[in-house]
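Student: Sequence below, structure please.
(chains A and B)
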Amino acid sequence: MIKRLAFFALFFFLLTQPARAEAEAAADLAEDFIPVTESFDGAHVMVFGALISAKSDIVVVLEGPPAKASIRAKIKKFGIWVNDEAQTLEAIPSFYAVLSSRPLTKIMKPEAMAMRGLGFQSLPLDSVAGQGFLQNRLAKGLYVEIPDGVKIRDKKLFRADFDLPPNVPIGDYKTTIYELKNGSVSASRTTTFKIAPIGTASMIRNLSMQYPAFYAALAIALVLLIGGLAAYLFRKAT
Amino acid sequence: MGSIKTEMDIYLPIAEMPINVLWVFGLGAVVGFLSGLFGVGGGFLLTPFLTFMGVPPTIAVGTQSAQLAGTGLSGTLMHWKRRGVDVRMGFILTVGSFLGTAVGVEIFKWLKQIGQINLVIVLSYVTLLSAVGLMMFFESAPRLIRREKRLRAAARQPTKEEQPQGLTQGWGAGGSFAVDFHASNLRVNVLLPIGLGIIGGLLVALLGVGGGFVLVPAMIYLLKMPPALVNGTSLFQIVFTTVFATALQAISNHSVDIVLALALLLGSVMSVPMGARLASRLRPEVARLLMALLILAVAGKMMFDLFSTPDQLFSVTMVGLS
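Tutor: Numbering: from 1, shown residues only, chains lettered A, B, ... in the order given. The predicted structure follows:
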């Protein structure tokens, strides 16, 4: 009886598993929490792991929290540069970094990348506004592609080091590690990490978001106090 | 663009980026000096510079209103001490400016539906600035030259401003809406300052900046206020409008970065006295000539931007993060 139950349990377990013929990549993140303090000027992220089979390639994707992007293009009207109407992109990653052991195009077929939703090409950026968005994010270092960002050692171990820029958006990040063989994914693993303010920065942020009226009153009181105090201190100067 | 890492960086919790404190102090100091000297807010300098340093434009606009409330109060109190504020005029301008802001927001929506709004706004602002700047320049420069000649002749005549006899009769002084402004020694139709306030408020609603550049010259030429009262009264009015704007920005947009505002403010309050001191020592026509040159420089820069190809053809704002 117990044997039969166990058999059914196993059968059920196998049924509910995703029908993927791939293994879980053997990889992890060095840190799962990146604190943002008053002196924050970027952070280091390290992803490491072991290759399941030799001669594989590794691709690491770091994806920032999705947000709505409002894009304005400058257009020429009657010989004058003016802002065009804003275009929006819904739920687009606020940060996107692709690190790979070799140039992406040499590792993976474009169809496989599209199917996996991997790389800039798989994001909904086909429109003029989308291309403008990509151009802008690349210039700000918030969308990055590093074709030699993953180092493989002795065909066994890999390591990806990445410096998050100082202007990196705060929030929950998704890291996906893909192991590829012959142009297709043989193993993958998704982990997450969080970039969040701590201490004073966190207090100020929470206050401004959760109690905006109180925050406004506090900000106004503070600036008026400083303004008044300065006038008193410098009263002899005028 | 703000990516040079130094020991002097502080992290801005709302803008989500570090910024160099020394640059922010310096920027605050320049803006504070201009506030003290001319009675203007300095948004025309702050917004583009903060944006250049990587601060999102919405946060630049929201934050500078908080900074300006502090700088404005500091300047107002300094002018107050030497009786340089016309409180009644300041209140009336404030009322007009609130009306103008409320109407401006509606006009903005309406123009947006028609399209071409940005073109209309930018072109009219550049035209207005150029006209005001040129008018001030051609009024103050010859006066200055004449005065130099007169001084050389060593026969300094007391001018009308220095020898007041009764209230100066402004526009509509005899009508039913005439109001006396004793501090300014002036009688004028109350609709004029209200109207000017409305125009200032409209500009702020449509452009986010530029109230001072229109209000200050209007107070000098249209209201004919004594030069010694213009700066203080303008700053007095600015305190009210910016406190209101700060509350609005913080509550509806979460776009006031208090760390950035305080850093700017610490820089600006130290230089406001220097500007105010210079203003009280400069002859009024010299101050007007300097302001004319500043306005023309800003108009020139805007004109240049209209015709030259921008470095970044796209600007991006992320909404609804975290």
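
Student: residue ranges of the helices in chain A, please?
Tutor: A:2-16, A:104-107, A:110-116, A:128-139, A:199-210, A:212-233 (DSSP state H).

Student: Just the C-alpha atoms of the fourth one, please, in PDB.
Tutor: As requested, the backbone C-alpha atoms of helix A:128-139 are provided in PDB (Å, rounded to 0.1, in the frame of the first residue of the first chain):
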ATOM      1  CA  VAL A 128      11.200  53.900 -33.000                       C
ATOM      2  CA  ALA A 129      10.600  54.700 -29.300                       C
ATOM      3  CA  GLY A 130      11.900  51.300 -28.300                       C
ATOM      4  CA  GLN A 131      15.100  51.900 -30.200                       C
ATOM      5  CA  GLY A 132      15.400  55.300 -28.700                       C
ATOM      6  CA  PHE A 133      14.900  53.800 -25.300                       C
ATOM      7  CA  LEU A 134      17.700  51.200 -25.900                       C
ATOM      8  CA  GLN A 135      20.000  53.900 -27.200                       C
ATOM      9  CA  ASN A 136      19.400  56.000 -24.100                       C
ATOM     10  CA  ARG A 137      19.800  53.100 -21.700                       C
ATOM     11  CA  LEU A 138      23.000  52.000 -23.400                       C
ATOM     12  CA  ALA A 139      24.400  55.500 -23.000                       C
END
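
Student: B:T76 is in what secondary structure piece?
Tutor: Secondary-structure assignment from DSSP states H and E places B:T76 in helix B:57-81.

Student: Quick one: list the elements packing against that helix.
Tutor: Where contact means 3 or more Cβ pairs under 8 Å, 6 or more residues apart in numbering or on different chains; DSSP states H and E, helix B:57-81 is packed against helix A:212-233, helix B:21-38, helix B:43-52, helix B:227-248, helix B:258-281, strand B:314-319. Placement of C-beta: from N, CA and C, glycine included.

Student: Tell me which of these sits nearest to B:A102.
Tutor: Smallest distance to B:A102 across these (Cβ to Cβ): 10.7 Å, for helix B:227-248.

Student: quick one, the closest one and helix B:43-52 angle?
Tutor: 40 degrees (axes from the mean of the first three to the mean of the last three Cα atoms, to 10 degrees).

Student: tell me the mean pLDDT over helix B:227-248?
Tutor: Helix B:227-248 comes out with an average pLDDT of 90.

Student: quick one: it to chain centroid distance?
Tutor: Its chain's C-alpha centre lies 9 Å from the corresponding centre of helix B:227-248 when counted by Cα atoms, centre = their mean, to the nearest Å.

Student: Is that helix positioned near chain A?
Tutor: Yes: judged by Cβ under 8 Å from any Cβ of the partner chain, helix B:227-248 comes into contact with chain A at B:V243, B:T246, B:A247.

Student: What residues sit buried inside that helix?
Tutor: B:227-248 (16 or more other Cβ atoms under 10 Å in any protein chain shown).

Student: cool, stretch A:157-165 as well?
Tutor: For stretch A:157-165, burial by neighbour count (16+ other Cβ under 10 Å) applies to A:F158, A:R159, A:A160, A:F162, A:L164, A:P165.

Student: For the residue nearest to B:R288 when sequence neighbours are not counted, which residues are in contact?
Tutor: Of all residues not flanking B:R288 in the chain, B:S140 sits nearest, at 4.0 Å (Cβ to Cβ, 6 or more residues apart in numbering or on different chains). For B:S140, the contact set (Cβ atoms under 8 Å, 6 or more residues apart in numbering or on different chains) comprises B:E285, B:V286, B:R288, B:L289, B:A292.

Student: In the chain, where is pLDDT below threshold?
Tutor: No chain in the question, so chain A it is. A:1-21, A:237-238 (pLDDT under 70).

Student: ah, no, chain B please
Tutor: B:1-7, B:112, B:114-118, B:151-166, B:173-174, B:208-210, B:320-322.

Student: where exactly do the helices run in the stretch 51-200 of chain B?
Tutor: B:57-81, B:87-114, B:117-152, B:191-207 (DSSP state H, counting those that start in this stretch).

Student: deepest of those, which one?
Tutor: helix B:57-81 (a mean of 27; mean count of other Cβ atoms under 10 Å in any protein chain shown).

Student: okay if I get the helices of the stretch 51-200 of chain B as CSV plus distance to A:L224?
Tutor: Putting the helices of the stretch 51-200 of chain B into CSV (distance: least, Cβ to Cβ, whole Å) gives the following:
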stretch, distance to A:L224
helix B:57-81, 5
helix B:87-114, 16
helix B:117-152, 30
helix B:191-207, 20
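
Student: Verify the stated contact: B:V95 with B:I198.
Tutor: No: counting by Cβ atoms under 8 Å, B:V95 stays clear of B:I198, with 9.2 Å between them.

Student: Which neighbours do those two have in common?
Tutor: Common neighbours of B:V95 and B:I198 (Cβ under 8 Å, 6+ apart) do not exist.

Student: Could you verify my assumption that A:L207 touches A:Y215?
Tutor: Yes: taking Cβ under 8 Å as the definition, A:L207 is a contact partner of A:Y215 at 4.8 Å.

Student: of those two, who's got more company?
Tutor: Under the criterion of other Cβ atoms under 10 Å in any protein chain shown, the comparison of A:L207 against A:Y215 puts A:Y215 first, with 23 against 16.

Student: Now do the contacts for that one.
Tutor: A:L207, A:S208, B:A250, B:V256, B:I258.

Student: same question, A:T176
Tutor: A:T176 makes contact with A:V60, A:V61, A:E63, A:L118, A:S188, A:R189, A:T190 under the criterion Cβ under 8 Å, 6+ apart.

Student: Kindly state the domain boundaries assigned to chain A.
Tutor: A:15-197, A:198-238 (automatic domain parsing).

Student: Name whatever forms a beta bridge with A:V60.
Tutor: Taking DSSP bridges as the rule, A:V60 bridges to A:L99, A:I177.

Student: no no, A:K76
Tutor: A:W81.

Student: now B:T101: how far from A:S184?
Tutor: Counting by Cβ to Cβ, to the nearest Å, the gap from B:T101 to A:S184 is 60 Å.

Student: To clarify, my last question referred to A:Q210.
Tutor: 46 Å.

Student: ok, these two, which is more surrounded?
Tutor: Using other Cβ under 10 Å, the more surrounded residue of A:Q210 and A:S184 is A:S184, with 15 against 9.

Student: Provide a list of residues in contact with the residue lying closest to the more buried one once chain neighbours are set aside.
Tutor: Distances taken as Cβ to Cβ, 6+ apart place A:A112 nearest to A:S184, at 5.5 Å, with adjacent residues excluded. A:A112 sits next to A:G183, A:S184, A:V185 when contact means Cβ under 8 Å, 6+ apart.

Student: before we move on, what about A:Y143?
Tutor: So A:Y143 contacts A:F95, A:Y96, A:A97, A:F120, A:L134, A:R137 (Cβ under 8 Å, 6+ apart).

Student: Was I right to think the last one contacts B:V316?
Tutor: Yes: at 6.9 Å, A:R137 and B:V316 qualify as touching, with contact defined as Cβ under 8 Å.

Student: which residues does residue 223 contact?
Tutor: Answering for chain A, as no chain was given. A:V223 touches B:A66, B:Q67, B:A69, B:G70, B:L73, B:T246, B:A261, B:L262, B:L265, counting by Cβ under 8 Å, 6+ apart.

Student: switch to chain B, that's the one I care about
Tutor: Residues near B:L223 by Cβ under 8 Å, 6+ apart: B:M89, B:G170, B:S184, B:L186, B:V188, B:L192, B:P193, B:L196.

Student: wait, is it part of a strand?
Tutor: No: judged by DSSP: H, G, I helix; E, B strand; the rest coil, B:L223 forms no part of a strand; its state is coil.
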